[in-house]
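Enquirer: next one to model:
(one chain, ligands or ions: 2)
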Amino acid sequence: MSECVFCRIVAGQIPSTRVYEDDLVLAFMDIGEVNPGHVLVALKPHAENLFALDDAQTAAVARASARVARAIRAAFEPAGLSVYQANGAAAGQTVFHYHVHLVPRHDGDGMAFTWPVNNPPREQLEAHAARIRAQLA
Ligand code: 5GP
Ligand code: ZN
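Expert: Ligands and ions are numbered 1, 2, ... in the order given. You can find the predicted model right below:
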């Protein structure tokens, strides 16, 4: 079994609340979310960071991120959206598998990197994911 938590999520060995999926990308709710609609967009194949991606993988993550971002906007009407990528422990990364964070921003949120902080109830994650999925359909 893979040591990588996101490889295990992609393989279905760790449960996740899925939002979007295609051949190369899986988007799911972050269990450390602090905002409704905080989604992780992960490349399915294991690649540690942006340096390791080929053009098709890069395009696939960007396309999926934009689609999910539009669905988050339609579902939650945030004031803005932050898109985060980090590379390496020195940049605060905790899972070394390429992914993008989509964090809706509401008035007063600020820009603090406060995740991962909590462990939202599964029902709350599922409710948020369902609202996003409805906009992707
Ligand atoms: P990083 O800190 O590497 O940029 O992001 C890793 C993210 O993965 C964190 O926000 C953390 O909450 C999330 N994460 C870690 N393990 C799991 C998990 O088992 N399930 C889900 N849904 N998210 C996870
Ligand atoms: Zn991995």
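
Enquirer: name the residue closest to the centre of this structure, please.
Expert: residue 40 (0.7 Å; C-alpha atoms, centre = their mean).

Enquirer: for that one, helix, strand, or coil?
Expert: Of the three states, residue 40 takes strand under DSSP: H, G, I helix; E, B strand; the rest coil.

Enquirer: if I look at it, how far off is residue 82?
Expert: Going from residue 40 to residue 82 by C-beta to C-beta, to the nearest Å gives 13 Å. Any C-beta I mention is one placed from the backbone N, CA and C, and that applies to glycine too.

Enquirer: tell me how many other residues surround residue 1.
Expert: Residues near residue 1, counting by other C-beta atoms under 10 Å, number 7.

Enquirer: quick check: it touching residue 8?
Expert: Yes. The pair residue 1 / residue 8 is scored as a contact, 6.9 Å apart, by C-beta atoms under 8 Å.

Enquirer: biggest strand in this protein by residues?
Expert: strand 99-105 (DSSP state E).

Enquirer: can the helix or strand containing residue 68 be said to contact ligand 1?
Expert: Following DSSP states H and E, one finds residue 68 within helix 55-76. No. Judged by C-beta under 6 Å from any ligand atom, helix 55-76 makes no contact with ligand 1; its nearest approach is 14.0 Å.

Enquirer: now that helix against strand 99-105, angle please.
Expert: If you take axes from the mean of the first three to the mean of the last three C-alpha atoms, to 10 degrees, helix 55-76 sits at 20 degrees to strand 99-105.

Enquirer: can you name the element that comes right after helix 55-76?
Expert: Sequence order places strand 80-84 as the next helix or strand after helix 55-76, per DSSP H and E.

Enquirer: and that next one, how far out from the chain's middle?
Expert: 11 Å (C-alpha atoms, centre = their mean, to the nearest Å).

Enquirer: neighbours around the residue of the chain found nearest ligand 1, how many?
Expert: In the chain, the residue that lies nearest ligand 1 is residue 32 (2.8 Å; C-beta to the nearest ligand atom). Look at residue 32: counted by other C-beta under 10 Å, it has 16 neighbours.
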